[in-house]
Each structure stands twice: as structure tokens, then as C-alpha cells.
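> how would this look folded up:
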Amino acid sequence: MFNRRTLIICMLMVLLSAVTVLPAFAGEKFSIELNAEIVDCNVVITFNMPSPRVITDGVESARSTKPEQGDILARRGSSVIVYVIIYDNGVQLAMYEVTGAAGSPQQVIYPITQRYIDEDITINLNPNDDADPTDAFETGLVIITDAVADACIDANIAVLDCPYPPQPLLGQGRVLGPVTTYWAARLDTNTAPPVVLPVGTSWWILEARDGFYKLFIACKGRYVWVTAESLGANFDVVWAGRPLPDAGSQPTATPTPAS
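Down below sits the predicted model:
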């Protein structure tokens, strides 16, 4: 009889066999071929290192990656640094610094550990670490469906030991009233089915940002997010009303231009 871990792995193999990935992104500004595929709950990103950008008369430009075109900066052996930046609906999730010779093959592995807005992520190949997408050598999308993300989350939970108490631990808050739970720090990501947090119960806070707190619910259980205003200080003998971490404020929605 299959145990729970075996069942999860079997489900994951079926889901990944059906996943849709946009395998290559053909850039208009620079001819950099960026490829991505999902392998064992990781997005494996491969590309050839572009040539460095240079400043000529105050104008920034990118040199060709083809050495035969005569650009000394593009010859193999030139050291280049680029940044592979992962976004979910405009929110930066991860940044990887990659160093290598112009034209050399490179690989970056991004683990799938959550669901994603619109079931996709954006990959940005950028010469700068300021995360400005307009500077990118190349940008493209990878489709990661909720079914694939859920299977990867379950597989990860099944094989990892549970850290207890969880880390990093920012504090503990107490539920003030009826609370809505979310699977990301956004108001349009309600958990389904809803996770019920009874009024008066206290929960560990693992992260604080964008007006939300990320909460530890149970060992080997998924984390949830709640609005920061949903929690108050815990006045038990351990925490003694210690102030909760600053979660900032929720981003202001961008108005839709009038047609």
C-alpha cells in the first residue's frame, strides 16, 4: 500500500508531465536566448552570458555576444556579472548574481515553494541589481499552475523535518476578531478552504511586510498570511505584551487609465 509520501510523489510526477512552460524567450532589444523548464519542483533557467554593457558618450548600450563582430568586450574571457530576478505579478521573489565569461553557458535553479498570482512567474535577466525591468537583457514568463505548486508544497512538507519553534521568529500575536487568511501577502489570495483562526488564539509570526503577517499554523502545515490589523500583542506570561513587528502598509492599487 502506498504511504502518503509515495502518493504525493506519484501525483507530482503526473502534474509535472502536463505542465506548460514557455521554453524560450526571443528578445527584441538584445538577442539573448533565455530558456526555462520545470524539473523536480525547480524552475531550471539556462542562458548564455551576454556581453557587458558599456557607456559611450553618456549613452548605455549592450555589445553583441558574437565575438566575430569585432567587439573586444564580447570576446570569450571577458568577465560579466548579471542578475536573474524572479517576480510574481511585479513583486520580487528572488535575485541570483551570476558571474562568467561573455557567451558562456549559465544555469540558475529557482525552487517552487508557493502558489503564484495568475499562475506564472516572470524571469528577468538584468545587468543591474536595482531590479529595474526596463534595463533587462531579456524577460519572459514561466507557467506554474496552482496544481503543480500545491504538489510541490506537499512534497516539500512530506520530506522536511519540522523546525520547532519555527525560524525566523519575529514574535507572537493574538487574534483580535474574525480573521481572513491568505496564501500570499495580498487581499486577492484567500485560502480555499478558509483556515479558521479562533478569536483569542495566539500564533507565531514569521514574516512582516506589505501590511501582512505570515503565520506558523502547524508542524508540516502550510503557512498563512493575515492582515497586520487582525492581530494584537500577546499579553501572556511569556510575551508580556511585546510589540508586534512593523508590517508596513498594503501597496496602493494603481488606478486603471480611463479609456
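
> all helices for the protein, in order.
Ranges of helices in the chain, per DSSP state H, are 4-17, 146-159.

> return the member of these having the minimum mean pLDDT.
In terms of mean pLDDT, the lowest-scoring of the helices of the chain is helix 4-17 (a mean of 49).

> neighbours of the closest residue to residue 187 other than its chain neighbours, how many?
Leaving out its chain neighbours, the residue that sits closest to residue 187 by C-beta to C-beta, 6 or more residues apart in numbering is residue 250, at 7.3 Å. Any C-beta I mention is one placed from the backbone N, CA and C, and that applies to glycine too. Around residue 250 there are 16 other residues, counting by other C-beta atoms under 10 Å.

> what of residue 237?
So residue 237, with other C-beta under 10 Å, has 5 neighbours.

> same question for the one 3 residues further on.
Neighbouring residues of residue 240 were enumerated by other C-beta under 10 Å; the total is 9.

> roughly how far does it sit from residue 228?
Residue 240 sits 20 Å away from residue 228, going by C-beta to C-beta, to the nearest Å.

> need the strands for the stretch 151-259 of the chain, in chain order.
Counting by DSSP state E, counting those that start in this stretch, the stretch 151-259 of the chain has strands at residues 171-175, 202-209, 212-216, 224-227, 231-233.

> can you list the weak-confidence ranges in the stretch 151-259 of the chain?
Low-confidence segments of the stretch 151-259 of the chain, defined by pLDDT under 70, span residues 157-165, 219-221, 253-259.

> 80 - rerun?
153-168, 192-193, 217-222, 237-238, 251-259 (pLDDT under 80).

> quick revisit: just checking, the residue nearest to residue 187 touches residue 210?
Yes - counting by C-beta atoms under 8 Å, residue 250 does reach residue 210; the two are 5.8 Å apart.

> quick check, residue 150 in contact with residue 115.
Yes - at 7.1 Å, residue 150 counts as touching residue 115 under the criterion of C-beta under 8 Å.

> who's more crowded, these two?
Counting neighbours by other C-beta under 10 Å for residue 150 and for residue 115 shows that residue 115 has the greater number, 21 against 17.

> pull the contacting residues for the residue lying closest to the more buried one once chain neighbours are set aside.
Nearest residue to residue 115, sequence neighbours excluded (C-beta to C-beta, 6+ apart): residue 149, at 4.6 Å. Counting by C-beta atoms under 8 Å, 6 or more residues apart in numbering, residue 149 touches 112, 114-116, 119.

> put together a markdown table for those, with distance to residue 224 on each row.
Shown next, in a markdown table, are the contacts of residue 149 (distance: C-beta to C-beta, whole Å):
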| residue | distance to residue 224 |
| --- | --- |
| 112 | 18 |
| 114 | 12 |
| 115 | 12 |
| 116 | 16 |
| 119 | 19 |
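
> just the buried ones among those residues, please.
Buried subset of these (neighbour count, 16 or more other C-beta atoms under 10 Å): 112, 114-116.

> residue 138: which of the residues you listed is nearest?
Proximity of those to residue 138 (C-beta to C-beta) peaks at residue 116, which lies at 19.8 Å.

> beta partners for residue 42?
Beta-bridge pairing for residue 42 (DSSP bridges): residue 39, residue 111.

> what pLDDT does it get?
pLDDT, residue 42: 85.

> gap between it and residue 148?
12 Å.

> just want to know which of those two has more residues nearby.
More neighbours surround residue 148 than the other of residue 42 and residue 148, with 23 against 15 (other C-beta under 10 Å).

> surely that one and residue 38 touch.
Yes - using C-beta under 8 Å, residue 148 is in contact with residue 38, at 7.0 Å.

> with adjacent residues omitted, what lies nearest to residue 224?
Excluding its sequence neighbours, the residue lying closest to residue 224 (C-beta to C-beta, 6+ apart) is residue 181, at 4.2 Å.
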